[in-house]
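Trainee: Following is a predicted model, sequence given first.
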Amino acid sequence: MNAVEIEQALSDLAEQPSSTFDAAEFPFAFLAAFGNKETTIKRLRAGNNNTSDVPGGVLQRGNIHVATCGHGTVGETLTALRNSAATAKAKAKYILATDGHTAEAEYLPTFETIACDYPKLPEHLGFFLALAGISTIQEIKDNPIDVRATGRLNKLYVELLRDNPGWAGDARRADMNHFMARLIFCFFAEDTDIFNGEGLFTRTISQFTDASSANTHEVMGEIFRAMNTQPAERAAGNFRPWADQFPYVNGGLFSGNTEVPRFSRIARTYLLHAGSLQWRQINPDIFGSMIQAVADEGERGALGMHYTSVPNILKVLNPLFLDDLRAQCDAAGDNKAKLGNLRKRMARIRVFDPACGSGNFLVIAYKQMRAIEAAINQRRGEPDRRSDIPLTNFRGIELRSFPAEIARLALIIAEYQCDVQYRGQKEALAEFLPLDAQNWIVCGNALRLDWLGICPPTGAGVKVMSDDLFETPLDQTEMDFENEGGETFICGNPPYKGSQGQTDEQKADLKSVFDAYTKNWKSLDYVAGWFFKAAQYGQSSTTATAFVSTNSICQGRQVATLWPLILASDHKITFAHTSFKWANLASHNAGVTVAVVGISRSPPTTRKIFSTADDGTLAVKEVAHINAYLVPGADVSVEAQAQPLADVNSMSFGNMANDGGHLILDLQEANEAIDRHGVPAHFIRPFLGSEEFIRGKERRCIWVADAERADAFRNTWLNQRFEGVRRQRAASNRETTQTLAHQPYRFGEVRQSGGETAIIVPSVSSESREYLPVGFEPAGTIVSNLAFGLYDAPLWNLALIASRLHLVWIATVCGKLKTDFRYSNTLGWNTFPVPLLTEQMKADLTECAQNILLAREAHFPATIADLYDPEAMPNSLRAAHARNDEVLERIYIGRRFKNDTERLEKLFDLYTKMTAEQKAKPKARAKGGKP
């Protein structure tokens, strides 16, 4: 369940009158509201899993201990839950007590508590979100009305479409979305004194429409008509007195077609429920992000999931330009001239989000700039001064029409709220209506539009004054600015879409952007198009850009394709937030791994890399240069090497059968071959690929050396298997495979003799693990082509691969397959920079590798997947890895690294030196790899 669905379920539960409160049923209904399955609740009802030791209590292990109680005993019951031995033993996170009149709860990890009347339990939705596996975002926790409003509008929207199916089609979808934008404005306006009288809109609908809802659309249409009529024309409009109370709004919000969809009785009820909320508390940045899914049937199930928290947005905006504005403000002190100049500068700044969605980046940028401006005005003794920051300086492009409308509306609401906060309610109201009709959010495909026309850098664009604030013709690509010469800051969170997940249309978008510059664009993530368009824009403007992006554009082969094009436009990376989780309000959501990258043609002398330290704190490193891998150091592109740069053993692919399945056996087939068909046991070998090694799956293979083929052919069962291989290969249309038909007893590609030990490295493994899975297999084990192998290699090679250092190198230079690590011997292992190791260092690393293997063995039969689950990794194994990291990192710098950024900085520095040495000595010794 998502946050909106949980809020609705909780509201349904809390709306039951206290007279019908079912004490026995409440704990189970509460758990169901947070998405617990019926089977889970059934077991708790039966008492099988309920170990509560409190009367009326239900205890869900690792989650919550909840109890109902007699009237007036809630506090005592909460104390009993807190002191309960069962609460501690079950490691419950929450305790909750209620008597149907009041409720009290505590979040035990932080000792945070709530107490409220029972019907107000939904107002504390954010407090309980962790029960559904949803990471609590502070803004939602503090102000859950955004979730409640989204849920109620969604129910209204769905009901209206059911009653008005014609409004759901392409022909009328824009009308429906426009109608919803009007409703949102009315709900907000009636709670903020923009309309005369508290609750004017909702109250008018309630009083002047029939309970049967037959005339709801007529009354609402008349209200909309009034808000589109200027005061001087009101008399001629012949309005009913209840409609004439509404002010003239303008801005195109109520112009044009004022038709209203028909309302059923249920839809009218939903409308009144939505209007009953306190809309003055709405956060336009949060609400806009949540509501954008209402009008998109494909996203409606994700309601409330796409909200981006303010701290994450500020990871983009602060280093892009807000930190500089604050620093300038602080430096100006009380100097009125300097403060005035800064205010003039801010009035000419344009913030441009070419993938703006519902406008949350623009709203946050606007609110932050208004806060700085307010500080300036206060110091200059002008606290009531009207803002010099034009709302139309906050430009955006959005592909879908409804989010584009919501973005404009969110900015309008933000402007009003800022005026109230910094100038007072009276001044804000005096200047709010009528709305300006300028249009500053364009609906269209950002990768196809000319950004210079939409956000012109010199003010030379054609001035377009729209009659309708909420109607953007797609050919409207040029708008005027009155602030020629100002700075433009491009920001946002463009769509990610890896190369394999793109639609044909998205592929065509990337082709339109890149085809004239590179033929390798097909491997790029979709977000790469925004970076390159920004770089092109920056060649004609004083511009700096920062986007949130999947970190894959700064990893692997995409680096060599995208970043030379950006660097060729004289752009440099000005700051970066290295990989971190970009979480949302989805249940059990781990969040996509992203990076924030800033670029500009005028980079500061000192640039900043923000990263997460090993202890979880934010680390900031000031550096002279940042390369495309988001590492301090010179621009470099790591290229595949045929042989290792370092003095380590060679790594090769495993063995490819190319056998039509005739040489590969499951465990039962292998046992039957030996026991029933007399196959000599030495012809049946353990067979390991990535899946077998990580998941502990048992497979075998037939392995026959050339010298043994005569013996193998004497066995009838083996002979039949070989014949199957021969037929399959002979039928191939590839000449090389047809040739292999003459040797049906052996694999198509053989990388090992079968008599050596093997260090096995899976070719693909989960990014959730803290270390790469690597193993040591005894002689006789055959490695499949779905893994890599080092054969007869000393054990200290395993210590290198098992290290945190190697993991971060692989993640950076090899890239990912979807979200998994994709290993490469030529790009990952052969390029891995390792300093010259003494024999003692090798001995120390060998001991570390042995300790890792022994720690695993102690937990037999646990699989690698079990052992390296981040939530369940045994302490002994974690300690063995920590010791390995310490020994290895001391070899590199004499101490432990502070974080991955520091690790990569050292590795790239060493890589640069080693490749330079390699080029300087092109005829250096061949890599035998034997230390």
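Mentor: Received the coordinates, thanks.

Trainee: tell me which element residue 646 is part of?
Mentor: Of the helices and strands defined by DSSP states H and E, none includes residue 646.

Trainee: nearest residue to it other than its sequence neighbours?
Mentor: Excluding the flanking residues, the one nearest residue 646 by Cβ to Cβ, 6 or more residues apart in numbering is residue 834, at 3.7 Å. For the C-beta atoms, the positions are set from N, CA and C on the backbone; glycine is no exception.

Trainee: Based on its surroundings, how many neighbours for that neighbour?
Mentor: 20 (other Cβ atoms under 10 Å).

Trainee: quick one: contacts for it?
Mentor: By Cβ atoms under 8 Å, 6 or more residues apart in numbering, residue 834 lies in contact with 646-648, 800.

Trainee: Just flag the most distant two among the residues you listed.
Mentor: Across the contacts of residue 834, the longest distance by Cβ to Cβ is 11.4 Å; it joins 647 and 800.

Trainee: picking that back up, would JSON lines of the contacts of residue 834 with neighbour count and pLDDT be doable?
Mentor: Output for the contacts of residue 834, formatted as JSON lines (neighbours: other Cβ atoms under 10 Å; pLDDT from 0 to 100):
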{"residue": "646", "neighbour count": "20", "pLDDT": "96"}
{"residue": "647", "neighbour count": "15", "pLDDT": "95"}
{"residue": "648", "neighbour count": "23", "pLDDT": "97"}
{"residue": "800", "neighbour count": "22", "pLDDT": "98"}
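
Trainee: Any chance of those residues in a markdown table with distance to residue 531 as columns?
Mentor: Listed next are the contacts of residue 834 as a markdown table, based on distance: Cβ to Cβ, whole Å:
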| residue | distance to residue 531 |
| --- | --- |
| 646 | 33 |
| 647 | 38 |
| 648 | 36 |
| 800 | 34 |
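
Trainee: nearest to residue 23, of those?
Mentor: residue 800 (61.6 Å).

Trainee: Nearest spatial neighbour of the closest one, chain-adjacent residues omitted?
Mentor: Sequence neighbours aside, residue 806 is the residue nearest to residue 800 in space, at 5.8 Å (criterion: Cβ to Cβ, 6+ apart).

Trainee: I'd say that neighbour and residue 797 touch.
Mentor: No: counting by Cβ atoms under 8 Å, residue 806 does not reach residue 797; the two are 10.5 Å apart.

Trainee: now the helices: where do they sit in the stretch 301-450 of the chain?
Mentor: Taking DSSP state H, counting those that start in this stretch as the test, the helices found in the stretch 301-450 of the chain are 310-317, 323-332, 336-347, 360-379, 401-423, 425-432.

Trainee: which one of these is the most hemmed in?
Mentor: Each of the helices of the stretch 301-450 of the chain was scored by mean neighbour count; the highest is helix 401-423, a mean of 24, by mean count of other Cβ atoms under 10 Å.

Trainee: So which elements touch that one?
Mentor: With contacts defined as 3 or more Cβ pairs under 8 Å, 6 or more residues apart in numbering; DSSP states H and E, helix 401-423 has these neighbours: helix 170-190, helix 284-291, helix 360-379, strand 394-398, helix 425-432, strand 441-443.
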